[in-house]
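Engineer: Need a 3D model of the following:
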Amino acid sequence: MRSFKTSGIVIKRRNFNESDRIITLYTKDFGKIQVKASGVRKITSRRSSHIEQLNFVEVGLYRGASLYTLTEAQMTLTYENVKGDLKKTGIAYHMCELIEGLCPENQEQAQIFSLFKQTLDKLEVSDENSHQTLIHEFEIRLLTLLGFWHGTDEVSEKLNTHQFIEEILERKLKSHRIFEQLDHIS
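Structural biologist: Got it, this is the predicted structure:
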């Protein structure tokens, strides 16, 4: 089956060639996948707005030799409240960075997809007071599902997840700097 449809959340995008883009989708059925979206950087492209970062999309894909190729895209959910709030956007990008860095490619992980989508849904309607708790719970559950953490609830509450994740990734989190800058804005 070389052509198929699936749904996922756009977690990353980068320009490729003159008019193409490579997007990273996190899907329920296939996990994290790289998709080539040909021609979406052209002004006349009807698909470009559908595959913006943080959009939940239904896509048609063709399995190529090295990458999936986007054949169709339909946006299902845009997370407008998240994108319209600077702090919520920073938190969402942080979640995308964690999914991108910690999750392997082409491995179905339905529980992680559900966690990611449910957390974005909660972030969409949350107030500012619950942000720290929301992101900490996401980080702990993600680490637990991936097998990096098996601590008790009491220890999990005190865990410096940012430092722990940076040690796993062996690099600094880019989104950590965003949090520091957003704290100064408040």
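Engineer: ranges for the helices of this protein?
Structural biologist: Using DSSP state H, the helices of the chain run over residues 80-83, 86-102, 110-125, 131-145, 153-158, 161-169, 174-185.
Engineer: Could you export the ones you listed to CSV, including columns for mean neighbour count?
Structural biologist: (Glycine included, C-beta is placed from N, CA and C.) Shown next, in CSV, are the helices of the chain (neighbours: other CB atoms under 10 Å):
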stretch, mean neighbour count
helix 80-83, 15
helix 86-102, 20
helix 110-125, 17
helix 131-145, 18
helix 153-158, 10
helix 161-169, 15
helix 174-185, 12
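Engineer: Which among these is found nearest to Thr71?
Structural biologist: Closest approach to Thr71 among the helices of the chain (CB to CB): helix 110-125, 21.6 Å.
Engineer: That closest one vs helix 131-145, what angle?
Structural biologist: If you take axes from the mean of the first three to the mean of the last three CA atoms, to 10 degrees, helix 110-125 sits at 180 degrees to helix 131-145.
Engineer: other SSEs contacting helix 110-125?
Structural biologist: Packing partners of helix 110-125 (3 or more CB pairs under 8 Å, 6 or more residues apart in numbering; DSSP states H and E): strand 3-16, strand 20-27, helix 80-83, helix 86-102, helix 131-145.
Engineer: List the buried residues for stretch 16-25?
Structural biologist: Using 16 or more other CB atoms under 10 Å as the test for burial, stretch 16-25 gives Phe16, Asp20, Arg21, Ile23, Thr24, Leu25.
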